[in-house]
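Asker: got a predicted structure here, sequence first:
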Amino acid sequence: MSDDRRWFVMLLTVGTLLQAATAVARPMASYRALQIGMEPSSLGLVAAAFAIAPVVFALSIGRWIDRRGELPFLLGAGMVLAAVCSALALAGSAAALLALISVLGLSQLVFVVANQTLIGSRSLAASYDSRFGLLAFVASLGQLIGPAAAGLIAASGTPEGTSQALVFGAVLALASVPLIGWLWRHDPGPAVPHPPPTAEPQRVLSILRTPGMLPAMAASMTVLATMDVMVVYLPALGEERGLGVATVGALLAVRAGASMASRLLLGHLIGWLGRDRLMIGSLVVAATSVVALAFLPVPMMFAVMIVAGVTLGVCQPMTLAWVAARAVAGTRGTAMSLRLLGNRVGQLVIPLLAGSMAAVTGTAGVFVAAAMTVALSAAVVAGNRQGR
């Protein structure tokens, strides 16, 4: 194995561990919220807390990463994530829980931007589709490992089980720290040398004016927010239907596994269907499957979750490759952060709206609302095909 490939594989391993730790913390935080007396209709606050700090700091983080390098931020994010998972295991009030979820969201933003920028700068443009597809694949792998393992650890449904699962998440995050140290020591440097960034950062409007950027952001935002709604509200839907923690964890793991398969085969899917057709078709089918999830019996929920996982899974790496290929050298972190800022705005607004709907229509209405946003983004992408 070449040094470049070994380094890339280690980066993917770090991404897997950090994504798994986050995927443990988020559903377990929902269970912790219910255990400390928060109402199901207020779980939208849990999702919004995860997004609010990244909304404030996303662009600044991207510019700091552009100027100071990715690896120091990746290391810090791994350490903070481990500390937050440990603290969530002890959270006893809604205020403390929401504050910790906010820090969790910020640390997740930092490691995601750092990972994406590392791949964009350490890879040749010709390998973007495959490498970003693999990065999205390991994100799904982490999201499969995390909920499945956490569901088994917390299968008793007791506060003690939830705490044990969160400690497991802390261990996963802590395991990434020595690996990040190895990446730092063996950093190959940029694949294509570029001049240092200028004193004036790239203007946000110039990024947004890039052809196809706004439709790509709309698709990415609604898909990620819908995935968040599923993670946050599936426990509530499960409690309404009498599903155990392990069953809910298995459903989330099935979705992640299906996303893994679609991302691993992304290059073949693009070659077969074309980018526009694949993106639009996936969004339409995803919207349909999310609605069906709220009303079908348990055995069919697993089948529909597979469809949702496949269709939701292809969008993120496609928009990642789009942004990375068109970002100006030395400002890739800023462009990635802008994309993630759009994602976080969706994660902030859509779950809050979903929470308001839950109080009126029940948990099923949340899934219907999320599906409507995905369908709307499909229409936006379809209406801007010439720009893509």
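Answerer: That came through fine.

Asker: what about the longest helix in the chain?
Answerer: helix 3-35 (DSSP state H).

Asker: which elements pack onto that one?
Answerer: helix 43-68, helix 70-88, helix 94-122, helix 128-153, helix 159-185, helix 213-241, helix 245-264 (3 or more Cβ pairs under 8 Å, 6 or more residues apart in numbering; DSSP states H and E). C-betas here are computed from N, CA, C, even on glycine.

Asker: among those helices, which is nearest residue 10?
Answerer: helix 159-185 (5.7 Å; Cβ to Cβ).

Asker: now do the buried residues in the closest one.
Answerer: 161-170, 172-177, 179-180, 183 (16 or more other Cβ atoms under 10 Å).

Asker: just to revisit the earlier point, reformat the helices and strands packed on helix 3-35 as a markdown table; add distance to residue 307.
Answerer: Output for the helices and strands packed on helix 3-35, formatted as a markdown table (distance: least, Cβ to Cβ, whole Å):
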| stretch | distance to residue 307 |
| --- | --- |
| helix 43-68 | 23 |
| helix 70-88 | 31 |
| helix 94-122 | 26 |
| helix 128-153 | 15 |
| helix 159-185 | 28 |
| helix 213-241 | 13 |
| helix 245-264 | 7 |
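
Asker: to residue 373, which of these lies closest?
Answerer: Here helix 213-241 is closest among these (Cβ to Cβ), at 4.4 Å.

Asker: any idea of the mean pLDDT in the closest one?
Answerer: Averaging pLDDT along helix 213-241 gives 82.

Asker: then stretch 377-388?
Answerer: On average, stretch 377-388 scores 72.

Asker: out of the helices and strands packed on helix 3-35, nearest to residue 278?
Answerer: For residue 278, the closest of these is helix 245-264, at 9.8 Å, according to Cβ to Cβ.

Asker: buried residues in that closest one?
Answerer: Quick answer for helix 245-264 (16+ other Cβ under 10 Å): 245-260, 262-264.

Asker: kindly report the same for stretch 278-298.
Answerer: 278-280, 282-294.

Asker: where does pLDDT dip in the protein?
Answerer: 1, 190-207, 209-212, 325-332, 347, 358-359, 385-388 (pLDDT under 70).

Asker: report the central residue of it.
Answerer: Taking Cα atoms, centre = their mean as the criterion, residue 224 is the residue nearest the geometric centre of the chain, at 6.2 Å.

Asker: how near is it to residue 312?
Answerer: Going from residue 224 to residue 312 by Cβ to Cβ, to the nearest Å gives 9 Å.

Asker: for residue 135, same thing?
Answerer: 16 Å.

Asker: which of those two has more neighbours?
Answerer: More crowded of residue 135 and residue 312, by other Cβ atoms under 10 Å: residue 312, with 28 against 24.

Asker: tell me who's in contact with that one.
Answerer: Residue 312 is in contact with 223, 226-227, 255, 259, 282, 286, counting by Cβ atoms under 8 Å, 6 or more residues apart in numbering.

Asker: stretch 356-365: end-to-end distance?
Answerer: 10 Å (Cα to Cα, to the nearest Å).

Asker: would you mark the buried spots in that stretch?
Answerer: 357-358, 363-365.

Asker: restricted to helices, list the residues you listed.
Answerer: 357-358, 363-365.

Asker: export these to TSV and tack on distance to residue 379?
Answerer: Formatted as TSV, those follow (distance: Cβ to Cβ, whole Å):
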residue	distance to residue 379
357	21
358	25
363	26
364	23
365	21
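
Asker: identify, from these, the entry nearest to residue 236.
Answerer: The closest of those to residue 236 turns out to be residue 363 (Cβ to Cβ; 4.9 Å).

Asker: contacts only, for that closest one.
Answerer: 40, 233, 236-237, 240, 294.

Asker: CSV for these, including distance to residue 131?
Answerer: Shown next, in CSV, are the contacts of residue 363 (distance: Cβ to Cβ, whole Å):
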residue, distance to residue 131
40, 40
233, 33
236, 37
237, 35
240, 41
294, 35
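
Asker: kindly give a single ChimeraX line that selects the buried subset of those residues.
Answerer: Only the buried entries of the contacts of residue 363 go into this ChimeraX selection, using 16+ other Cβ under 10 Å:
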select :40,233,236,237,294
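
Asker: out of the contacts of residue 363, which is nearest to residue 15?
Answerer: Using Cβ to Cβ, the contacts of residue 363 come closest to residue 15 at residue 233, 25.8 Å.

Asker: from residue 293, how far out is the closest one?
Answerer: Distance, residue 233 to residue 293, using Cβ to Cβ: 10 Å.

Asker: overlap in contacts, these two.
Answerer: Common neighbours of residue 233 and residue 293 (Cβ under 8 Å, 6+ apart) are residue 367.

Asker: and which of the buried residues of stretch 278-298 is nearest to residue 70?
Answerer: residue 279 (27.8 Å).
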